[in-house]
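[1] just the structure for this:
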Amino acid sequence: MSDPVKPTEQTTEPATGQLQLYLQLIRWDRPAGWLLLLWPTLSALWLAAGGFPGWHLLLVFVLGTVLMRSAGCCINDVADRDFDRHVKRTAQRPVTRGAVSVRQALTLGAVLALAAFALVLTTRAAAVMWSFAALAVALAYPYAKRHVSMPQAVLGVAFSFGIPMAYAAVQGHVPPQAWLLLLGNLFWVLAYDTEYAMVDRDDDLRIGMKTSAITLGRLDVPAIALFYAAYLLIWAWVLDAPVRSIWLWLALAAAAAQALWHLWLIRRRERAACFLAFRMNHWLGLTVFAGVALSV
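    Sure thing, here's the model as predicted:
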């Protein structure tokens with residue numbers, strides 16, 4: 001590995017300039033990240049409530065999702081700052097280039113996480129308790145990339161924890177259905193985050209980062225196909241699709257068609273195509289949510 005590139009010396013920024021840096025830090029201009037979190041969470045919320053969950057819970061989980069994803073970006077960028085300098089796609093992130101200090105990023109992340117926790121406090125005690133487990137997994141993910149051959153599995157748990165949280169907030173406990181949905185959603189995260197990892201595979205190999213794209217090697221595309229299939233089949237089974245309305249069937253079929261399109265995009269493992277496939281996954285999540293919402 002070459003010598004780390006030293007971050008530029010931090011200068012005093014005007015208030016508007018500092019705000020822009022913070023918005024870059026939390027990926028405000030890239031909503032796909034929090035949308036990937038939102039759709040399975042809302043699906044669980046509708047399922048747990050047997051329909052529309054009410055404006056209070058809807059607001060709590062939409063805002064909480066945005067806040068926690070933003071906090072996660074702060075933590076991730078601090079943890080990966082020494083690696084991100086060697087990856088073209090991430091070299092200009094605010095913490096990596098020294099425009100935002102580690103202390104500033106961690107402070108912002110803590111404020112955002114506390115704001116999300118304040119929202120959870122307005123729900124049931126069970127949701128409050130499970131929020132600590134969700135936070136622990138979120139904190140563990142950035143460091144899993146150093147020790148776990150497929151850290152996307154850890155991300156899958158973190159990005160799926162809105163499911164048991166939603167059930168806890170509505171019902172006061174987490175039934176087996178929620179954990180099975182979490183398992184299925186984990187496979188979806190494995191699919192789209194392996195596509196994401198394929199974009200940086202060459203850089204990650206050079207700097208010693210562990211990812212599913214590296215671990216799977218030339219089996220990456222077939223594995224992604226299996227991940228998509230496992231996700232859709234598990235959700236169809238758990239939701240007892242044969243006895244639900246035609247809307248759920250149509251949604252699952254449309255989601256499967258999107259998955260096939262993503263597989264077509266990544267077949268040659270080209271960076272731009274893999275990144276496009278990753279970014280388009282939030283539409284797949286929206287499709288499944290629409291089918292769930294129309295069938296309960």
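
[2] residue ranges of the helices in the stretch 1-150 of the chain, please?
    Remark: helices assigned in the stretch 1-150 of the chain by DSSP state H, counting those that start in this stretch are 15-25, 32-49, 55-79, 81-84, 102-120, 125-147.

[3] just the buried residues of the fourth one, please?
    Pointing back at helix 81-84 there. Using 16 or more other Cβ atoms under 10 Å as the test for burial, helix 81-84 gives 81, 83-84. For glycine as for every other residue, the C-beta is placed from the backbone atoms N, C-alpha and C.

[4] show me what that helix is packed against.
    Helices and strands touching helix 81-84, by 3 or more Cβ pairs under 8 Å, 6 or more residues apart in numbering; DSSP states H and E: there are none.

[5] run a quick neighbour tally on the nearest residue to R201 once chain neighbours are set aside.
    Take R201 and drop its neighbours on the chain: the residue closest to it by Cβ to Cβ, 6 or more residues apart in numbering is A213, 4.8 Å away. Using other Cβ atoms under 10 Å, A213 has 25 neighbouring residues.

[6] among the helices of the stretch 1-150 of the chain, which comes closest to S245?
    helix 32-49 (13.1 Å; Cβ to Cβ).

[7] ramachandran angles for the residue nearest to L35 when sequence neighbours are not counted?
    Setting aside the residues directly before and after it, L35 is nearest to H282 in space (Cβ to Cβ, 6+ apart), at 3.8 Å. Backbone torsions for H282, taken as degrees, to the nearest 10, come to phi -70, psi -20.

[8] pretty sure H282 sits against L37.
    No. Under the criterion of Cβ atoms under 8 Å, H282 makes no contact with L37, lying 9.4 Å away.

[9] what is the neighbour count of the residue nearest to L35?
    When neighbours are counted by other Cβ under 10 Å, H282 comes out with 19.

[10] what score does R206 have for pLDDT?
    The per-residue pLDDT reported for R206 equals 84.

[11] was I right to think it contacts H86?
    Yes. Applying Cβ under 8 Å, one finds R206 in contact with H86, separated by 6.8 Å.

[12] what about the closest residue to L36 other than its chain neighbours, distance to A255?
    Among residues not flanking L36 along the chain, H282 sits closest, at 5.4 Å (Cβ to Cβ, 6+ apart). From H282 across to A255, the span is 12 Å (Cβ to Cβ, to the nearest Å).

[13] wait, what's in contact with the closest residue to I26 other than its chain neighbours?
    Nearest residue to I26 in three dimensions, chain neighbours excluded: S70, at 3.7 Å (Cβ to Cβ, 6+ apart). Taking Cβ atoms under 8 Å, 6 or more residues apart in numbering as the contact definition, S70 lies against 26-28, 34, 109, 112.

[14] could you check the pLDDT of the residue nearest to L36?
    Each residue has a pLDDT score; the one for H282 is 96.

[15] between R206 and H86, who's got more neighbours?
    H86 (19 against 13).

[16] got phi/psi on that one?
    phi -100, psi 0.

[17] quick one: it and L205 touch, right?
    No. H86 is beyond contact range of L205, at 11.1 Å (criterion: Cβ under 8 Å).
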